[in-house]
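K.L.:
Have a look at this prediction, sequence included:
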Amino acid sequence: MPIVVQLDVMLARRKVKSKDLAEHVGITEANLSLLKQGKVKGVRFETLEMICNFLNCQPGDILVYEPTQD
């Protein structure tokens, strides 16, 4: 998939635990784990906004487009 989720990178940079982020956003740790692994089909803008607010970052710090080479 050309969209890569780099949530783990931002969590490490901010020294934040997944548990704390999940609690702030209002999602389960299991759903956050799926998001971190890129195993979700989509993410709500509201959820992305809450993640960015908590981590003090931009959506582009979390979601990166890496085109596939044909």
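P.N.:
Everything's here; your move. Residues are numbered from 1 along each chain as shown.
K.L.:
Show residues contacting stretch 56-64.
P.N.:
Here stretch 56-64 makes contact (CB atoms under 8 Å, 6 or more residues apart in numbering) with 3, 4, 5, 6, 7, 10, 14, 48, 51, 52, 55. All C-beta atoms are positioned from the backbone trio N, CA, C, and that covers glycine.
K.L.:
Same question for it: list its buried residues.
P.N.:
Buried residues in stretch 56-64, defined by neighbour count with 16 or more other CB atoms under 10 Å: 61, 62.
K.L.:
how far does it stretch from start to finish?
P.N.:
17 Å (CA to CA, to the nearest Å).
K.L.:
just to revisit the earlier point, please identify which two of the contacts of stretch 56-64 are farthest apart in space.
P.N.:
Longest distance between any two of the contacts of stretch 56-64 is 21.2 Å, between 3 and 14; criterion CB to CB.
K.L.:
who's more crowded, the two?
P.N.:
Taking other CB atoms under 10 Å, residue 3 and residue 14 do not tie; residue 14 has more neighbours (14 against 9).
K.L.:
Pull the distance from stretch 32-43 to the chain's centre.
P.N.:
7 Å (CA atoms, centre = their mean, to the nearest Å).
K.L.:
okay, how far is it across it, tip to tip?
P.N.:
11 Å.
K.L.:
Got a ChimeraX select line for the buried ones in the contacts of stretch 56-64?
P.N.:
Buried residues among the contacts of stretch 56-64 (16+ other CB under 10 Å), as a ChimeraX selection:
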select :5,6,7,10,51,52,55
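K.L.:
so which of the contacts of stretch 56-64 comes closest to residue 36?
P.N.:
Comparing those against residue 36 with CB to CB places residue 7 closest, at 4.6 Å.
K.L.:
Could you list which of the contacts of stretch 56-64 belong to strands?
P.N.:
3, 4, 5 (DSSP state E).
K.L.:
what's near enough to touch the most centrally placed residue in the chain?
P.N.:
In the chain, the residue lying closest to the centroid (CA atoms, centre = their mean) is residue 7, at 4.0 Å. Each residue near residue 7 by CB under 8 Å, 6+ apart is listed here: 32, 35, 36, 51, 62.
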